[in-house]
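Colleague: Need a 3D model of the following:
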Amino acid sequence: MTNFDAIDALLAGARKEPPLPPAEERRALRVGLSLSRAQLAQALHVSPSTVGGWESGRDPSGEVREKYAYFLEGARTKLATAAAEEPAAEGPAAEEPADAAPTEADQETGQDDVDDVEALPAPQPCVLCGQPASHQVAGFPQHLGPAECGTAEHTQTVEPARPERRAPQREPGRPASADGPGQTARGVKVVPVGRRLQTADTQDLIGSAVTAALAQHSGDVEAATAALVKRAIPNAMALLDATRKGGRYDIVAHPWLPDILRKQTAHGADQIWEARPKWSRSELPPGEHEVTALDINGAYLSALKTHLPLGQLEHTAGNHHDRRRAGVHLITPPVWEHDAYLPNPIGSRDEPGPLWVTEPTLRLLLRISGPKYGLCDPPEIHESWTSGATESLLEKFRVVLKDARERAIAEDDEVTLEYVKAMYSKFVSTMGESNYNRELYRTDWMHLIRSQAFVNLWWKAHRAYDEGLMVIRAMGTDELHVIGDWRAVFPEGRGVTEVKVKDVYTVGAPATPD
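Modeller: Just a heads-up that it's a prediction; the model follows:
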């Protein structure tokens, strides 16, 4: 028999999740109270990037959803009350409170970002308001002041309460469309001219974490290292937030992604080809040869410097590449006729026909097909998913990790070294559909960074060949086998611009006397 008492208890305890306003209103409510993401994140015990995800359309659940809904309702009431008390008050447009304006030090040193501003030959739509703009900032058409930009009024006011609505369901493969004025940048925040990239807080987050772990484990190096590696992902996200303070663009942590970037099955893969090399030279010259297996240091760390799309990816068709944008591209790769002595830049692929590749792979193919190298024909681009891009989005994050790595090596600090390695390697590996990183969901970034590491290895192989070495093998992100005086080509050491010896072995047979 059915246990009606249990069902009644279940119904009594069941609660409907509180509704949340649309994403654009969530941000407007917070900004209207002059609160930063970091302040709200601290009150809700989440990270600032998580708050950014909610303001880009991702919804929280459970207890944190109730707290967030409570804050939004309270913010709405407070702003409505203030508006009723001061109906005639006028003030400057609301802006992000965290480092939104130049500091006094900036004004004194004159280090504003004026070098990023260029006049346009013809007006183009502003990425903020969509109206014609006569200048571009960092490659994006933009008005130079709030008085000219149509978003000034939008950022000053808070929209009235509206009934909850769900995001419309998109058909597979259908590109996203702009939602109206001010939304053309797909969640990208372009900062007015004069706000430069601020230096992050000087607090040594990496050193502090290492010191605390060693103290907690009474100086036990193995236990402290294990604890730090376990915390590598959340600590890397905290470091990312710290290094992004004052950044020109907000990181869109949870954008909508096309189906090609989603796993086809629970344990399968998506449709993106990363061009991972697994190449060995098919023939060697007669005789016995000494081969040196070189280890490329910090491959993923160096690959953090790559062109990353800022906002939501948009669909285009046709054989055209815009260097101001980045993403993934469906191409027919060119024929590669140099496999006897150089790895194929498309990686180890047996199947013919078109495939989806990343921005680094496409840029490599376009470069080596140009007049300087002339190694192949240009690839044919069929369609693309891209967004406006920058190569410096993770640069400060990369530099902090690189500096910490170099200090650890110089001081023979293996605890910090293993911790830093875990931070950047796990940061890259958990950007996709992972249960270990809920704060950043950028499958496109994961593929692009991995592919950049493969591209960097290919260029090292090409440099070795160009300098007269014989390239024997290229594997993964960090393994290059060569014959010859490699020290005349690559500096030896443990730095990210250096290589170290992984192995030395002999191939071939000694020549027999006649």
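Colleague: C-alpha from now on. contacts and neighbour counts both.
Modeller: Noted.
Colleague: shaky segments in the stretch 1-150 of the chain?
Modeller: 1-3, 10, 12-15, 49, 86-119, 125-130, 135-150 (pLDDT under 70).
Colleague: do the same with the stretch 401-514 of the chain
Modeller: 511-514.
Colleague: how about the strands in it?
Modeller: Counting by DSSP state E, counting those that start in this stretch, the stretch 401-514 of the chain has strands at residues 470-475, 479-483, 499-507.
Colleague: export these to TSV and tack on mean neighbour count and distance to Asp250?
Modeller: Formatted as TSV, these follow (neighbours: other CA atoms under 10 Å; distance: least, CA to CA, whole Å):
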stretch	mean neighbour count	distance to Asp250
strand 470-475	23	35
strand 479-483	22	35
strand 499-507	14	35
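Colleague: Now distance to Pro371 too, for these, in TSV please.
Modeller: What follows is the strands of the stretch 401-514 of the chain, written out as TSV (distance: least, CA to CA, whole Å):
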stretch	distance to Pro371
strand 470-475	24
strand 479-483	27
strand 499-507	30
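Colleague: so which of the ones you listed comes closest to Asp8?
Modeller: Of all the strands of the stretch 401-514 of the chain, strand 470-475 sits nearest to Asp8, with 61.3 Å by CA to CA.
Colleague: Okay, now stretch 334-343: how far is its last residue from its first?
Modeller: 14 Å (CA to CA, to the nearest Å).
Colleague: How about that stretch, which residues are buried there?
Modeller: Using 16 or more other CA atoms under 10 Å as the test for burial, stretch 334-343 gives 334, 341-343.
Colleague: what's the closest of those to Met237?
Modeller: Pro343 (35.1 Å).
Colleague: and the gap between that closest one and Asp8?
Modeller: 67 Å.
Colleague: Now do the same contact list for Asn319.
Modeller: 380-383 (CA atoms under 8 Å, 6 or more residues apart in numbering).
Colleague: hmm, 10 Å instead?
Modeller: Taking CA atoms under 10 Å, 6 or more residues apart in numbering, we find Asn319 in contact with 330-331, 379-384.
Colleague: which one of those is nearest Leu440?
Modeller: After measuring those against Leu440 - CA to CA - the closest member comes out as Ser384, at 22.8 Å.
Colleague: you'd agree the closest one is up against Leu355?
Modeller: No: using CA atoms under 10 Å, Ser384 makes no contact with Leu355, being 11.3 Å away.
Colleague: now the strand ranked longest in the chain: mean pLDDT?
Modeller: Identified as the longest strand of the chain according to DSSP state E is strand 380-390. Mean pLDDT, computed over strand 380-390, is 95.
Colleague: Can you give the strand pairings for that strand, parallel or anti for each?
Modeller: Its sheet considered, strand 380-390 pairs with strand 308-309 (antiparallel), strand 314-317 (antiparallel), strand 325-332 (antiparallel) by DSSP bridges.
Colleague: quick one, which of these is packed in tightest?
Modeller: strand 308-309 (a mean of 27; mean count of other CA atoms under 10 Å).
Colleague: what's next to that strand, contact-wise?
Modeller: Under the criterion CA under 10 Å, 6+ apart, residues 188, 251-252, 324-328, 359-360, 385-394, 442, 444-446, 448-449 lie in contact with strand 308-309.
Colleague: Separate out the buried members of the residues you listed.
Modeller: Buried among the contacts of strand 308-309 by 16+ other CA under 10 Å: 188, 251-252, 324-328, 359-360, 385-390, 393-394, 442, 444-446, 448-449.
Colleague: Looking at the strands of the stretch 401-514 of the chain, which is nearest to Gly287?
Modeller: strand 499-507 (8.4 Å).
Colleague: Which parts of this protein belong to which domain?
Modeller: 17-85, 114-159+180-185, 259-392+439-507 (automatic domain parsing).
Colleague: okay, those domains in TSV with distance to Lys230 next?
Modeller: TSV is the format used below for the domains of the chain (distance: least, CA to CA, whole Å):
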stretch	distance to Lys230
domain 17-85	18
domain 114-159+180-185	36
domain 259-392+439-507	16
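Colleague: Dump the longest strand of the chain to CSV, keeping only the CA atoms.
Modeller: Output of strand 380-390 as CSV, limited to C-alpha atoms (Å, rounded to 0.1, in the frame of the first residue of the first chain):
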residue,chain,number,x,y,z
GLU,A,380,39.4,26.6,-46.8
ILE,A,381,37.1,28.1,-44.1
HIS,A,382,33.5,27.0,-44.4
GLU,A,383,31.9,28.5,-41.3
SER,A,384,33.0,29.8,-37.9
TRP,A,385,31.8,30.4,-34.3
THR,A,386,33.7,33.5,-33.0
SER,A,387,33.6,36.5,-30.8
GLY,A,388,35.8,39.6,-30.4
ALA,A,389,39.1,38.5,-28.9
THR,A,390,42.2,39.6,-27.0
